[in-house]
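In: Any chance you can model this:
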Amino acid sequence: MIVEEILIATALLFIIACLALVLYLQKQTSKLRAKVDALTVLVKESDKQREAVKRELQELRSGTIGVGRRMLELEKKLAQQDAKFEESSQQDPQARLYSRAMKMVALGAGVAELIEECELPKAEAELLIRLHGK
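Out: Here you go, the predicted model:
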């Protein structure tokens with residue numbers, strides 16, 4: 001009889017220990033589920049932000065491509081204008097004279113040099129130096 005009572009008491013203790021373990025594991029599982037849910041929300045928010053950044057980047061790329069094309073067009077037009085300017089200055093001897101005078105001024109020539117080299121009147125030489133001098 002005593003052996004049976006000891007076995008019953010041991011069995012009850014074992015059952016109580018098992019129930020306590022089951023309750024503890026359920027609590028831990030619940031905590032882990034809550035953490036998983038929170039991480040899932042964070043991942044979804046990160047995905048949304050990544051998509052938004054991706055869209056913005058695509059818009060920036062498109063804008064940059066448009067600006068690049070416009071820059072190429074403007075460079076082409078500028079080259080054409082430079083060519084036309086050079087052509088017209090080469091055809092007009094007076095324009096060539098003033099072009100040379102402006103280059104001389106940019107290199108630091110004085111009034112006397114402009115008068116002598118380009119055969120300019122003193123007033124025009126002074127004006128060129130004031131307009132194009134450093």
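In: Next, count neighbours for residue 114.
Out: Residues near residue 114, counting by other CB atoms under 10 Å, number 23. Backbone N, C-alpha and C define where each C-beta goes, glycine included.
In: quick one: contacts for it?
Out: Shown in contact with residue 114 (CB atoms under 8 Å, 6 or more residues apart in numbering): 101, 104, 105, 120, 125, 128, 129.
In: what about it, distance to residue 82?
Out: Distance from residue 114 to residue 82, counting by CB to CB, to the nearest Å: 24 Å.
In: try residue 123
Out: For residue 123, the distance to residue 82 (CB to CB) stands at 29 Å.
In: the helices in the protein, which residues?
Out: Counting by DSSP state H, the chain has helices at residues 2-91, 93-106, 111-118, 122-132.
In: buried sites along stretch 22-36?
Out: For stretch 22-36, burial by neighbour count (16 or more other CB atoms under 10 Å) applies to no residue.
In: actually stretch 127-134, sorry about that
Out: Neighbour counts over stretch 127-134 (16+ other CB under 10 Å) mark 128, 129 as buried.
In: Check the offset of it from the chain's centre.
Out: 41 Å (CA atoms, centre = their mean, to the nearest Å).
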